[in-house]
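In: Following is a predicted model, sequence given first.
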Amino acid sequence: MKVKFTDILAEKDEYGASKAMRAFAYILTQDHFSIFKTALNKSSLDASFAKNFSQYSLNDSEKSYFIEFCNFLGISEKVGAEEYIDPTRLIESFLGDLFKEKNVLEAAKFIQQLSSLVPIIDFGTHNTVVRGSTSSGLTRPNELSINLSHALYRLNQRQVIKFSREADDSNPVVLNLPNGKTESVSSIAYLQGNI
């Protein structure tokens with residue numbers, strides 16, 4: 001995640017990784033791959049890329065490896081025989097770095113710092129470039145995708161992090177959950193930190 005690419009949309013596969021980062025960022029912009037929706041498999045990848053990212057489609061030999069790496073990196077989870085986007089493990093692996101100095105952050109600052117550490121998620125450099133090329137921008141500055149919202153909600157439910165809500169917060173982060181509900185968050189505390 002720390003590699004700086006010149007242009008992840010370029011044809012050249014910079015460092016042998018820009019093509020993968022582009023594809024990871026792309027599927028994280030596609031809320032239909034979230035849990036309870038469309039499984040991540042070769043045919044669903046084909047259909048999704050064909051719809052709005054066809055110039056960057058994966059070839060048949062790349063698709064299987066791509067799905068395996070999604071699981072390996074914590075971008076997806078296996079539910080029964082199917083794979084679904086759920087970046088909970090990916091996000092959790094960066095929490096120690098994120099909360100190194102303080103164990104409570106304003107939600108907007110948390111998202112800003114997380115997207116800097118993990119550029120393939122909402123508001124991250126790679127995610128933003130991909131959203132721009134697919135015209136699938138987020139509707140509000142602090143509104144999160146279903147995929148990132150679900151991951152944060154799961155971490156809150158598992159008591160790895162804790163959400164706080166303030167009634168007078170004029171700029172909360174809004175989570176869009178897979179069940180269609182939304183939740184506003186003002187600050188996030190790291191409950192497993194060493195501080």
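Out: Thanks, I have the structure now.

In: Model confidence for Met21, exactly?
Out: The model reports Met21 with a pLDDT of 94.

In: Quick check: it vs Leu45, distance?
Out: 16 Å (Cβ to Cβ, to the nearest Å). Glycine gets a C-beta too; all of them are placed from N, C-alpha and C.

In: mind listing what the most centrally placed residue in the chain touches?
Out: Residue closest to the average C-alpha location in the chain (Cα atoms, centre = their mean): Ile121, at 3.6 Å. For Ile121, the contacting residues are Leu28, Pro87, Leu90, Ile91, Leu114, Ser115, Asn127, Leu148, by Cβ atoms under 8 Å, 6 or more residues apart in numbering.

In: Confirm the last one sits in a strand?
Out: No: applying DSSP: H, G, I helix; E, B strand; the rest coil, one finds Leu148 to be helix, outside a strand.

In: Give the residue spans of this protein that score low on pLDDT.
Out: Along the chain, the parts satisfying pLDDT under 70 run over 136-140, 193-195.

In: pretty sure Arg76 contacts Thr88?
Out: Arg isn't right for residue 76; it's Ser. No: using Cβ atoms under 8 Å, Ser76 is not in contact with Thr88; the gap is 10.0 Å.

In: Name the residues contacting each of these two.
Out: Shared contacts of Ser76 and Thr88, counting by Cβ under 8 Å, 6+ apart, come down to nothing at all.

In: one step back: how far away is the residue nearest to the centre of the chain from Ala50?
Out: 24 Å.

In: What does the nearest residue to Gly74 once chain neighbours are set aside show for phi and psi?
Out: Ranked by Cβ to Cβ, 6 or more residues apart in numbering and with sequence neighbours excluded, the top spatial neighbour of Gly74 is Arg89, at 2.9 Å. Backbone torsions of Arg89, given as degrees, to the nearest 10, read phi -60, psi -40.

In: mind listing what Arg89 touches?
Out: Here Arg89 is in contact with Leu73, Gly74, Glu77 (criterion: Cβ under 8 Å, 6+ apart).
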